[in-house]
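K.L.:
Predicted structure and sequence below. I'll ask about it afterward.
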Amino acid sequence: MSTLEQTFSRNRAIEADLFEMNSITKKPRMTREDRARFDFLSVRVSALKAGYSPEEVAEQQVNSRLVREGQKPINFKRERAGQLTLEERLFRAYLNGNEEEQRDLITNNPQLSAINTTGGSFVPLEFWEQVTEAMAQVDPLTDGDYVNLHPGIGLGLRPLQLPAWDLTTIESEQVAESDDAPSSDFIVPTTTAKLLGGFMHRINLVASFEFDQDSFRPTMELLARAYGVGFARGIGKQLVNGTGTDEPQGIAVKAANSGVSNSTPGSLVLDDFLNIFFSINRIYRASPKCCWVCGDSVYKLIRKATDRIQNRPLLSVERDEEVLLGKPVLISPSLDVNPTFNPSLAQNQLIFGDLSHFHVRLSELVINRSIEGVGLIEKGLVLYQGLMRADSWLADPSVGDMPPIIYATIS
């Protein structure tokens, strides 16, 4: 499970537990069972905030009790196979327009009330995992393993203030124990900040009036992948080419020009990569999120590149990652602006740098069901409108003097 998926899972579980705890405290009189339930939820919230997943917390608690009672622990993975969770049952009822089942599920399980909103329904965790997996496959700039991802709770996305400091010059100084004020020559690093919001993206999908209950999960996999691919393409374009004005700021727009280009048009050699590699400060090259980013046409040139002595490919595979000079190579389709390398058109870019300075913010996915569109209900069709917000920012606190992310022009 990716960092984004884990964060959403924990946030959703914490929100549900806090909702139930609040309901218990509002009772006129708390029974012994209420107090026990409140204590149980309090411990679980603490564990979730400490980084454990909801599944790990619940399964460990159940199996610990069974072991204390001398019983055999449960294999939860096998038990869950083929069964729908409460979230999935509520989501299925929403997609099918079964309001009675929705009411019954929420009445019997008050924690589910946080899932449905006036604008639609948040999706179950398993569905969201499939969406984010598809998004990462289409465009890695939506993957928290590579960029600095800030997942938001809900669709609203309150403004998020993000700071950044120039790490190329920052250093400490020794001071006397009684010295309260810094000396006059103390280096104060350049700083910058950005208020991230969220720009709405929408995908409309049409399906039959009812989802077959016997094939709910396979149908959901298709639906989730469609949303994931679609959102990754739409949002991905702005993560690459967005102007930053009334839309996210694109990495290709904000990245600094390294002044480096390939020495021979139509090919890349080791010296080209080295010139790009050493165009940024070592502190950024040492970052675990330092990567190469390019489109498919430049990627093809990288695949062809070989060393000068034994004619071996420069691109190696390490831990299922394609690695160049020790840094992963990411393929972003929106960077492929000139697949034929036409010299009269805009040239392709090969981006390199510390992607922890590229901040991406994504909201949760909300799906709104409607049968009121033209040509829908009379044909037995339903419109499922997916909504998600996104924003991005490339933080360069040096204002171009020592940029964390640069690009080279490839012809």
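P.N.:
It's in. Values in this document were obtained by computation on a predicted structure and should not be read as measured data. Numbering: from 1, shown residues only.
K.L.:
List phi and psi for the closest residue to residue 384 other than its chain neighbours.
P.N.:
Distance criterion CB to CB, 6 or more residues apart in numbering; nearest residue to residue 384, sequence neighbours excluded, is residue 205 at 4.8 Å. (Each C-beta comes from the backbone N, C-alpha and C, glycine too.) Dihedral pair for residue 205: phi -120, psi 140, per degrees, to the nearest 10.
K.L.:
how close does residue 205 get to residue 134?
P.N.:
Look at residue 205 and residue 134: by CB to CB, to the nearest Å, they are 14 Å apart.
K.L.:
so what's in contact with these two at the same time?
P.N.:
Common contact partners of residue 205 and residue 134 (CB atoms under 8 Å, 6 or more residues apart in numbering): residue 227.
K.L.:
higher neighbour count, the two?
P.N.:
Taking other CB atoms under 10 Å, residue 205 and residue 134 do not tie; residue 134 has more neighbours (20 against 15).
K.L.:
show me the contacts for the residue nearest to residue 384.
P.N.:
Per CB under 8 Å, 6+ apart, neighbours of residue 205: 223, 226, 227, 383, 384, 385, 386.
K.L.:
I figured the last one hits residue 203, correct?
P.N.:
Yes: under the criterion of CB atoms under 8 Å, residue 386 makes contact with residue 203 at 4.4 Å.
K.L.:
rewinding a little: which ones among the contacts of residue 205 map onto strands?
P.N.:
Counting by DSSP state E, the contacts of residue 205 place 383, 384, 385, 386 in strands.
K.L.:
Go through these and name the one nearest residue 344.
P.N.:
residue 386 (38.8 Å; CB to CB).
K.L.:
Quick check: that closest one vs residue 196, distance?
P.N.:
Using CB to CB, we find residue 386 at a distance of 21 Å from residue 196.
K.L.:
quick one, what contacts residue 123?
P.N.:
91, 131, 224, 364, 365, 366, 367.
K.L.:
Report the secondary structure state of the second one.
P.N.:
At residue 131, secondary structure determined by DSSP: H, G, I helix; E, B strand; the rest coil is helix.
K.L.:
Once you drop chain neighbours, what's closest to it?
P.N.:
For residue 131, the spatially nearest residue (CB to CB, 6+ apart) is residue 228, at 4.2 Å.
K.L.:
can you tell me which residues contact the one you found?
P.N.:
Residue 228 neighbours (CB under 8 Å, 6+ apart): 130, 131, 132, 133, 134, 135, 137, 138.
K.L.:
quick one on the thing from earlier: let's have the contacts of residue 205 in a markdown table, adding pLDDT.
P.N.:
Compiled in a markdown table, the contacts of residue 205 are given as follows (pLDDT from 0 to 100):
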| residue | pLDDT |
| --- | --- |
| 223 | 88 |
| 226 | 93 |
| 227 | 93 |
| 383 | 87 |
| 384 | 87 |
| 385 | 90 |
| 386 | 92 |
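K.L.:
Packing partners of the helix or strand harbouring residue 17?
P.N.:
Residue 17 is located in helix 3-25, with elements delineated by DSSP states H and E. Contacts defined by 3 or more CB pairs under 8 Å, 6 or more residues apart in numbering; DSSP states H and E place helix 3-25 against helix 32-49, helix 54-68, helix 125-138, strand 148-151.
K.L.:
Quickly compare those and say which is most buried.
P.N.:
helix 125-138 (a mean of 21; mean count of other CB atoms under 10 Å).
K.L.:
I appreciate the help and will end here.
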